[in-house]
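1. model this:
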Amino acid sequence: MLKEKDLIILSHLRNNARKSLALISRETDIPVSTLFNKIKKLENNIIIKHTSIIEFNKLGYPIRADFAVKSKDKQKLKEFLLNHKNINSINRISNYDFFIDVLFRNMNELNEFEEELEKYSEKIERFHIVEELKSENFLVNFS
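-> Model (predicted):
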């Protein structure tokens, strides 16, 4: 279990990973050297990577969908998914095998992907993302 100070630090990083240690120190009253040491420890076991959240529409990828997939051959499907460039995330889930989040430039690309996916699957459910209301927000406002 993490200490409250660690959660506060994570909250600041989740809110803005580019925020300087000096600014976090001023806002939290935690010395910069302590912040540095705590972040290094968190990077060794809690923080997986520092990343950016992107508006995919502005990149030319306005089509977003999620698929729940039950596979014929789990390993072959997993390899296909791990190597496909349009997949944003893959999760293993109950009742199906995988839940995947995909992005495409147009509906043709999405339909072609689904046809290819059917080769590896015995059951597929598609969900179109109409509007993202909240994303990557857990621990953002912890205090």
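2. Next, the residue nearest to the spatial centre of the chain: phi, psi?
-> Residue closest to the average C-alpha location in the chain (C-alpha atoms, centre = their mean): S89, at 6.2 Å. Backbone torsions for S89, taken as degrees, to the nearest 10, come to phi -150, psi 150.
3. Where does the closest residue to it other than its chain neighbours sit: helix, strand or coil?
-> Among residues not flanking S89 along the chain, D101 sits closest, at 4.5 Å (C-beta to C-beta, 6 or more residues apart in numbering). The way it works is simple: take the backbone N, C-alpha and C, and place the C-beta from them, glycine included. Classification of D101 by DSSP: H, G, I helix; E, B strand; the rest coil places it in strand.
4. from what I can see the residue nearest to the centre of the chain touches V102, true?
-> No: applying C-beta atoms under 8 Å as the test, S89 and V102 come out as separate, 9.0 Å apart.
5. How many residues are close by the nearest residue to F56 once chain neighbours are set aside?
-> Excluding the flanking residues, the one nearest F56 by C-beta to C-beta, 6+ apart is L103, at 5.2 Å. Residues lying near L103 (other C-beta atoms under 10 Å) number 21.
6. so who does L103 touch?
-> 56, 61, 63-64, 86, 88 (C-beta atoms under 8 Å, 6 or more residues apart in numbering).
7. Quick one: residues in contact with the helix ranked longest in the chain.
-> The longest helix of the chain (DSSP state H) is helix 32-45. Contact partners of helix 32-45, identified using C-beta under 8 Å, 6+ apart, comprise 5-6, 9-10, 13, 21-22, 24-25, 28, 30, 47.
8. before we move on, back to that, find me the pLDDT at the residue nearest to S89, would you?
-> Here, the pLDDT recorded for D101 equals 98.
9. Correct me if wrong: it contacts H84.
-> No: applying C-beta under 8 Å as the test, D101 and H84 come out as separate, 11.6 Å apart.
10. To what extent is the nearest residue to I30 once chain neighbours are set aside buried, counted in neighbours?
-> Using C-beta to C-beta, 6+ apart and skipping residues adjacent in sequence, the residue nearest I30 is K5, 6.4 Å away. A count of neighbours around K5, defined by other C-beta under 10 Å, yields 13.
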